[in-house]
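In: What shape does this take:
(3 chains)
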Amino acid sequence: MRTFFHANDLGDLGQALQEARQVKADRYAYQHLGKNKTLLMIFFNNSLRTRLSTQKAAMNLGMNVIVLDVNAGAWKLETERGVIMDGDKSEHLLEAIPVMGSYCDIIAVRSFAGLADREFDYAETIVHQFVEHSGRPVVAMETATVHPLQAFADLITIEEHRQAAVRPKVVLTWAPHCRALPQAVPNSFAEWMNAADVDFVITHPEGYELDPRFVGPARVEYDQCKALEGADFVYAKNWSCPGVTRPADYGQILSKDMSWTIDAEHMSWTNDGHFMHCLPVRRGLIVTDDVIESPRSLVIPEAANREISAQVVLKRVLEAL
Amino acid sequence: MRTFFHANDLGDLGQALQEARQVKADRYAYQHLGKNKTLLMIFFNNSLRTRLSTQKAAMNLGMNVIVLDVNAGAWKLETERGVIMDGDKSEHLLEAIPVMGSYCDIIAVRSFAGLADREFDYAETIVHQFVEHSGRPVVAMETATVHPLQAFADLITIEEHRQAAVRPKVVLTWAPHCRALPQAVPNSFAEWMNAADVDFVITHPEGYELDPRFVGPARVEYDQCKALEGADFVYAKNWSCPGVTRPADYGQILSKDMSWTIDAEHMSWTNDGHFMHCLPVRRGLIVTDDVIESPRSLVIPEAANREISAQVVLKRVLEAL
Amino acid sequence: MRTFFHANDLGDLGQALQEARQVKADRYAYQHLGKNKTLLMIFFNNSLRTRLSTQKAAMNLGMNVIVLDVNAGAWKLETERGVIMDGDKSEHLLEAIPVMGSYCDIIAVRSFAGLADREFDYAETIVHQFVEHSGRPVVAMETATVHPLQAFADLITIEEHRQAAVRPKVVLTWAPHCRALPQAVPNSFAEWMNAADVDFVITHPEGYELDPRFVGPARVEYDQCKALEGADFVYAKNWSCPGVTRPADYGQILSKDMSWTIDAEHMSWTNDGHFMHCLPVRRGLIVTDDVIESPRSLVIPEAANREISAQVVLKRVLEAL
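Out: All right, here's what the predicted structure looks like:
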C-alpha cells in the first residue's frame, strides 16, 4: 500500500477487519516491521487524538517517529511556479516536500479544508503534492475531504458492537454546531459504510447534501426521525455546506437547528442504538450529556480504536516498502 | 503505586532513598520494566527541568514517551455538565481524559494553580479528573498545590550532602519575587521534610503562612535570622499568599522585602549551610550571585536529581501496572 | 571530538568523507554507539531540515533524542552577573545550561545571529556559554557565524558529483533576497571549501566582503560573470552585510540587484555546472525555476546529505565520549 486515502486502498475490508482484531490482540507482535523505519507526521492543523494514536501505533510497530508542527503562519509554502518569492512565503513546496521525504520512510499528513475554495479543497491540492513529490508512501491524517483513519476506526468499532447475525442499520446524522466544520469525517464515514456490509442511511437538513462521490448508493432521508427509526448505530456529526447544490454556499453554516441535537428522545426512535461521534464533540449542540454518557455511547472505544486503525494502515505500508 | 502526589505515596522514604541510590548507580538496569510501555506527558504550563528530566527518566527505563503541550488558549476544556458548548471550549474533559488514557500506560500531568480561586486550586480539580477518568496511573509534574518530583529530588540531594551522624537542620525560607508564584514547591517541600529525618523550620513574613496540611508539625519562625541560625540546608523559595489567615489575599504579593534575599550575610548565620533552590531562580531577588555560585550551592545537583526522582517514581508505577 | 563548529574539528577531511560514504552505505550499522545515549537538540530559532535530519541521524545511531524549542519570547535568559532579575528574564544561563547538560550526553544548539551587534554575534557569545557551562560536547546546528553541518553536507555532495580526475572549480555567489540574512552559511561554506581540494572563488557585490577568517586564501572576484566562468559547482546564497569594511553596515541589505539572480544565462557561463543552495530558497530572487528544477540542480541530494553529515559528526562525538 503506497497511499491511504480511501476505503479501497485497503483492498478487502473483511480482511482488514480481521487484521485489526489480530493487531488489537497483540499490538507489539510486529516490531520487526518497523525496525529502523521512520514515520514523519506533518501537522498543518491541530490534533489530539490523531497525533497521539498514530504516534502510539507507529511505536507499537517499533518505528521511529518524528512529529513536525507546521505553523501555517510561520512557514507558508509557495505552490506556484514563475513567482518572485519576495513575500511571506519563504519556501517552495517543490523543495520542501522532497526534502521531508528524504528523512523518513513514510509520511503522514494532516491538512484541513480551508472551506474558502471548494475546487481547491476537493482537488486535494496539498496532499497530492506530497504524493507526487515526496517519494514516500503518504497516509492521510485528515485531508481537505477525507479522514480515513477515523472511518476505519469507526468501522472496527461497529464490527465489535454489532449483533453477529443481523445486518446493522447505520445512520449518519448531521447535528448543529457553532462553527463551520469541514466535510472530511462525514465524507469518509459515508464512503466506508457504503463499502461495508451495513444498511446505511444519511440524514441532514436540505442544502447539506454531501458530494455524490461519497454519498454513493447510500439512502438519503431528510426526515431525521424517519432516518433514525430502528437504527443500530447513530453516527452524529456536524458539517458545513458541501456546496453541491449551491456552490456559493460552500463552507457556510446554513442551519443551527437544535431539533437535530441527539437527545434521549432521538435515541428512543432507534433499535436501542449505539451513539457514535469522532470527537471532539460539543455537548448540548451535537448531543446531550445523558446520551453521550449512557452505556450505549461508543465514543471512547471508538477513539481507542484509532490506535488500531492507524497500526493496521502503517503495518500495511511497512509490508509494502 | 497508582498515583504520585504525596510523600506517603512512596511508602517508606528510607527505602525510596535506597532505591534512588541504586537507580543513580545504574540508570539503565531497569529497561525490561518499560518495554512497550508508553508515558504520556501532558503540559498545561511551560516546563524546562520537569520536561527534560521526566522524559529522560522514562527513556532510561526503556519506555516510549509522548509529549503533549496543551496550549490553554487553544484547547480549553469544558468541565461542567449540562452546558451548551457554543463558546470557546471545544472539548469536554469527560471525553478528553479517557481518550488520552487510552493511548498510554501512565499519565504525567502539569497543571499550575490559577491563583484566582483558592478552593478550586486546593481541591486539585484538574488532576483529580485525570485520576478519576483516565483509567491510568497519574504522576504529578507540579499541580495546583504540590510538586512531589521536586521535593523527592530535594530529599535525595539533602541525603547526599548531609553529615552521616548528625540530624541536619533544614530551613525553608520565603524570599522576595516580582511575580505571584504558586505554593506547590514550598507545600511539597514542607510535607517531605516533615516525613524525613530532619530538624525542619519554616520562615516567612507574617501573612505567608502555608496551608496547615503541609506545615504539619514543622516549627514556624517569623524571624528569618533566628530561623537560619545553625542551618545545614537553606531552601529558598518565593510563594504568593496562601490565603490561610485572610482568604481574600490568596495569590497576592504581600511583600517584596529585599531583606529576605539570601546573601552572604544570611549564609554566615548558618552552620556553613548548603544553599538550595528548585530553579528557575531570579538572582538578586531570591539569592545573590555569590551565594548561588558558591561551592555550598546545590542548585545544579538538585536539578540533576530530578532525573533520579522521576525514574524511581516511574519505576514504582511500572512495577505496579 | 568535543565540539563541532569548524572544518578542522573533524581532522582529516578525506577521512571524514570516507566515513560519510560508509555511513551512507549502511546508516544503521552503528547503533551500539548510541545505546542509552541522549541527544538534546535546543532550538532558539525555527528549523525544518536541521531538525529533521539531525534527529534522524541520532536515531540511526540508536540514540534517544529530546527536542527543546526555546521560544525566545517566552524564556529569556539573563546573561549578566550582578543584575536584579526583576524583568522579563526568568532564568540565568549559568543555571539553565548546566541543568540542560545534566539530562543528556550531547547538546546540539541552534542560535542565529541577531544581526544587531557584530561583536556579540562574531564572539559566538551564546554557544560558547554552552561549551563552557554544559559539561557536554556541543554540536552547532547553525550559530551566529557558522553552519558546519550544512557545509559538511555540501562537501559530501560535491564529492559525490565531481569528476574523479579533475580538481573542480567551486564558486560561492551572493544573490539577492528580500530579508536580511546571517552570514553563517557562506562563512562555513568558504571555510570548508578552503579546507577541501577544490579551486574556490567567492563573488559578491562590493561591501559584502565576508570576514577574513572565513575568506582565508579564497579568490574574491567582484565580477560575477568572470567568477562563474568554467565553474563546476555554483553555490548561491544571500547574506547581509558582514560589516567588514564598514562596521556600521553590519546586518544591512546593501543591494537587491536582480542581475545577480542565477538564471540559465548565468549557468551558461559555467562548465555545465551544478547548481547548489542550502535551502530554503526564494525562487525568482536567488534562482529561477528552470535552473533549480534542472537536472544539474543538486538542492535535494544536498539536503538529503544533511542526515549523513549529522550522523558522521554525532558518531565521532559518541566515539569520543
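In: which residues touch the lowest-mean-pLDDT helix or strand in chain A?
Out: Among the helices and strands of chain A, strand A:76-78 carries the lowest confidence by mean pLDDT, DSSP states H and E, at a mean of 78. With Cβ atoms under 8 Å, 6 or more residues apart in numbering or on different chains as the test, strand A:76-78 has contacts from A:85, A:88-93, A:96, C:283. (Each C-beta comes from the backbone N, C-alpha and C, glycine too.)
In: Okay, residue A:148 and residue C:5: tell me how far apart.
Out: 47 Å (Cβ to Cβ, to the nearest Å).
In: Settle it for me: which of the two has more neighbours?
Out: The neighbour count for residue A:148 versus residue C:5, taken as other Cβ atoms under 10 Å in any protein chain shown, is higher for residue A:148 (26 against 20).
In: one step back: sheet-wise, list the partners of the least confident helix or strand of chain A with their directions.
Out: When pairs are called by DSSP bridges, strand A:76-78 turns out to pair with strand A:89-92 (parallel).
In: how about the strand it pairs with as PDB, C-alpha atoms only?
Out: These are the backbone C-alpha positions of strand A:89-92, laid out as PDB (Å, rounded to 0.1, in the frame of the first residue of the first chain):
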ATOM      1  CA  LYS A  89       6.300  32.500   1.600                       C
ATOM      2  CA  SER A  90       9.900  31.500   2.400                       C
ATOM      3  CA  GLU A  91       9.900  28.100   0.700                       C
ATOM      4  CA  HIS A  92       8.500  26.400  -2.300                       C
END
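In: Let's test this: mean pLDDT of whatever helix or strand comes next after that strand, rounded?
Out: Using DSSP states H and E, the next helix or strand after strand A:89-92 towards the C-terminus is helix A:93-102. For helix A:93-102, mean pLDDT rounds to 94.
In: With only the CA atoms kept, save helix A:93-102 in PDB.
Out: C-alpha atoms of helix A:93-102 as PDB (Å, rounded to 0.1, in the frame of the first residue of the first chain):
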ATOM      1  CA  LEU A  93       6.800  23.100  -1.800                       C
ATOM      2  CA  LEU A  94       8.700  21.700  -4.700                       C
ATOM      3  CA  GLU A  95      11.800  21.800  -2.400                       C
ATOM      4  CA  ALA A  96      10.100  21.300   1.000                       C
ATOM      5  CA  ILE A  97       8.300  18.100   0.100                       C
ATOM      6  CA  PRO A  98      11.100  16.000  -1.400                       C
ATOM      7  CA  VAL A  99      13.400  17.200   1.400                       C
ATOM      8  CA  MET A 100      10.900  16.000   4.100                       C
ATOM      9  CA  GLY A 101      10.600  12.700   2.200                       C
ATOM     10  CA  SER A 102      14.400  12.300   2.200                       C
END
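In: Now do it: which elements does it pack against?
Out: strand A:76-78, helix A:125-133, helix C:299-319 (3 or more Cβ pairs under 8 Å, 6 or more residues apart in numbering or on different chains; DSSP states H and E).
In: mind checking how far it is from the chain centre?
Out: Its chain's C-alpha centre and that of helix A:93-102 lie 25 Å apart, by Cα atoms, centre = their mean, to the nearest Å.
In: who touches it?
Out: A:40, A:42, A:68, A:77-79, A:81, A:107, A:129-130, A:133-136, C:48-49, C:52, C:279-281, C:292-293, C:299-300, C:303-304, C:307.
In: Next, the buried residues of it.
Out: A:93-102 (16 or more other Cβ atoms under 10 Å in any protein chain shown).
In: Mark out where each domain of chain A begins and ends.
Out: A:3-147+A:304-319, A:149-303 (the TED database).
In: okay, how far is it across the last one, tip to tip?
Out: This stretch, domain A:149-303, spans 11 Å end to end (Cα to Cα, to the nearest Å).
In: same thing with stretch A:125-141?
Out: 15 Å.
In: quick one: buried residues of that stretch?
Out: Result for stretch A:125-141 [16+ other Cβ under 10 Å]: buried residues A:125-127, A:129-131, A:133-134, A:136-141.
In: which one among these gets closest to chain B?
Out: Nearest to chain B out of the buried residues of stretch A:125-141 is residue A:141 (Cβ to the nearest Cβ; 14.5 Å).
In: What values do phi and psi take at residue A:150?
Out: phi -70, psi -50 (degrees, to the nearest 10).
In: ok so, going back, make a markdown table out of the domains of chain A and add distance to residue C:231.
Out: Below are the domains of chain A laid out as a markdown table (distance: least, Cβ to Cβ, whole Å):
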| stretch | distance to residue C:231 |
| --- | --- |
| domain A:3-147+A:304-319 | 22 |
| domain A:149-303 | 49 |
